[in-house]
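Asks: how would this look folded up:
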Amino acid sequence: MKAGKISIRDITRFIIPYTGTAGNDVIIGPKPGFDSGIVNIDGILISASTDPITATSELIGRWVVYITSNDVLASGAIPKWLLLTLVLPINYDFNNLETIMKDVSYALNKINSTLIGGHTEFTPTVKFPLAVGTCIGRVKKLFNPNEVEEGDKIILFGDPGREGVYIIYNEYQKELEPILSDDDVKYLWETPDKISIYNIVSKFSDKFWDKLKFMHDPTEGGILNGMYEMSIAIGRAINMFDNSLTTSETVERICNKLNINPFRLLSSGSLLAIIEEDGVDDAISLGGRVVGEVVVGEEGRVFVNNKPITLSNLEKDEIWKIIS
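Replies: Predicted structure coming up:
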């Protein structure tokens, strides 16, 4: 098997049929393009999402908090609680464990959340530390993809590929340093706290929330796969504007050196949002930029300047070309 998450087709075949017995309290179950499950508990909507940290062992305590909370934030909820499983190699000790947990606490304080339980063990079956987090939050706005209409605009926040190039830089620092300026290195070392979208979403006003129709957290497969997954979720086609789909010079420099596509690279810290056209000015004032729009067409159809793009193997992230 190739490294990376399974495709939407495989999710539909091997995951969706085996979800047990669902009651009326399940509002959103496992669905492609949706970042979290949502349940109704006595009239309170709760969002929950889980993720493993597999592409890096650096700062995994911070990473697991930010990655899992991003999914909850993108689902229109405010993260409040974390369940954490740590599976550690036997060459680790309690000093290593404490280092991870200090990072967990640091990140939880950044997003105003708390650890409520989990499991920790040392085992010879893993060579590198594995962190699996489950974030739980209260829904602020329940997105209804059926309300998305042709002409709604797609907003991008953040720098696509930033997460991926940081992980690559940690693995190949010596090889990359000759092409990097001091500003590039500063940008990279500031990245761990930039992969959370908490600071983006926390600035949204109630007025802005009212104009939001859907959000998606682009992770594996980057922005292009994020667009594809979002198209599946809303049941409509998406047209991207290539002149506005940009990222930072640092990301571009590293990706050009390694011959990888920054828009198919791990992009936690970026956020895709669908918004009414009259909310665009507010989105721009919050640091977003218009990168596309919803157009007439079937779900799973993605265009660039009205020309269809190849969706084959889109879920496989570029990072696995470098670190696998």
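
Asks: neighbours around the closest residue to S270 other than its chain neighbours, how many?
Replies: Residue nearest to S270 in three dimensions, not counting chain neighbours: G158, with 3.6 Å by CB to CB, 6 or more residues apart in numbering. Yep, even glycine has a C-beta here, placed from its N, CA and C like the rest. Residues contacting G158 under the criterion other CB atoms under 10 Å number 23.

Asks: wouldn't G158 be in contact with V201 here?
Replies: No. If you go by CB atoms under 8 Å, G158 and V201 don't touch, sitting 11.3 Å apart.

Asks: shared neighbours, these two?
Replies: Shared contacts of G158 and V201 (CB atoms under 8 Å, 6 or more residues apart in numbering): L271.

Asks: what's the helix or strand for the closest residue to E249 other than its chain neighbours?
Replies: Spatial nearest neighbour of E249, chain neighbours left out: D184 (7.8 Å); criterion: CB to CB, 6+ apart. Here D184 sits within helix 182-189, counting by DSSP states H and E.

Asks: ok, now how distant is D242 from T219?
Replies: Relative to T219, D242 is positioned 22 Å away (CB to CB, to the nearest Å).

Asks: which residues sit against stretch 12-20?
Replies: In contact with stretch 12-20 (CB under 8 Å, 6+ apart) are residues I6, G29, P30, K31, P32.

Asks: which one of those is nearest P192?
Replies: I6 (27.1 Å; CB to CB).

Asks: and the closest one, how many residues sit next to it?
Replies: Residues within reach of I6, counting by other CB under 10 Å, total 14.

Asks: before we move on, what SS does the nearest residue to W209 once chain neighbours are set aside have?
Replies: In this structure, W209 finds its nearest non-sequential neighbour in K141, 5.4 Å apart by CB to CB, 6+ apart. Of the three states, K141 takes coil according to DSSP: H, G, I helix; E, B strand; the rest coil.

Asks: count of residues packed around K141?
Replies: Counted with other CB under 10 Å, K141 comes out at 16.

Asks: Please list all residues in contact with it.
Replies: G76, W209, L212.

Asks: contacting residues around the host helix or strand of the second one?
Replies: Okay, so that is W209. According to DSSP H and E, W209 maps onto helix 206-211. Contacts with helix 206-211, where a contact means CB under 8 Å, 6+ apart, come from K140, K141, I275, E276, D278, G279, D282, A283, L286.

Asks: Tell me who's in contact with L115.
Replies: Counting by CB under 8 Å, 6+ apart, L115 touches W81, L82, L83, L84, V104, S105, L108.

Asks: how near is it to G269?
Replies: Distance from L115 to G269, by CB to CB: 22 Å.

Asks: Tell me the spacing between the residue nearest to S270 and I223.
Replies: To I223, G158 is 10 Å away according to CB to CB.

Asks: And A74, by the same measure?
Replies: Going from A74 to I223 by CB to CB gives 14 Å.

Asks: Could you do M240 as well?
Replies: Between M240 and I223 the computed distance is 9 Å (CB to CB).

Asks: swap in T12?
Replies: 22 Å.

Asks: All the strands of the protein, residue numbers only.
Replies: Assigned by DSSP state E, the chain shows strands spanning 26-28, 37-41, 44-53, 77-89, 114-123, 130-139, 153-157, 212-216, 237-240, 271-275, 289-295, 302-304, 307-308.

Asks: mind checking pLDDT for the residue nearest to E318 when sequence neighbours are not counted?
Replies: Leaving out its chain neighbours, the residue that sits closest to E318 by CB to CB, 6+ apart is I260, at 4.1 Å. pLDDT for I260: 92.

Asks: okay, D242 and T219: which has more neighbours?
Replies: With neighbours defined as other CB under 10 Å, D242 and T219 compare such that T219 has more, 25 against 12.

Asks: State the pLDDT value of the nearest residue to that one once chain neighbours are set aside.
Replies: Spatially, and ignoring its direct neighbours in sequence, T219 is nearest to S268 (5.4 Å; CB to CB, 6+ apart). Looking at S268, its pLDDT reads 93.

Asks: so who does S268 touch?
Replies: Y66, I67, N70, E163, I195, S196, I197, D217, P218, T219.

Asks: D183 too?
Replies: Contacts of D183 (CB under 8 Å, 6+ apart): T250.

Asks: Show me the shaky parts of this protein.
Replies: For the chain, the stretches with pLDDT under 70 are 1-4, 55-57, 311-315, 324.

Asks: Now do the domain split for it, please.
Replies: The chain breaks down into these domains under automatic domain parsing: 8-139, 145-323.

Asks: Report the set of residues contacting both of A74 and I223.
Replies: Contacts common to A74 and I223, judged by CB under 8 Å, 6+ apart, are absent.

Asks: Distance of Y187 relative to Y166?
Replies: 9 Å.
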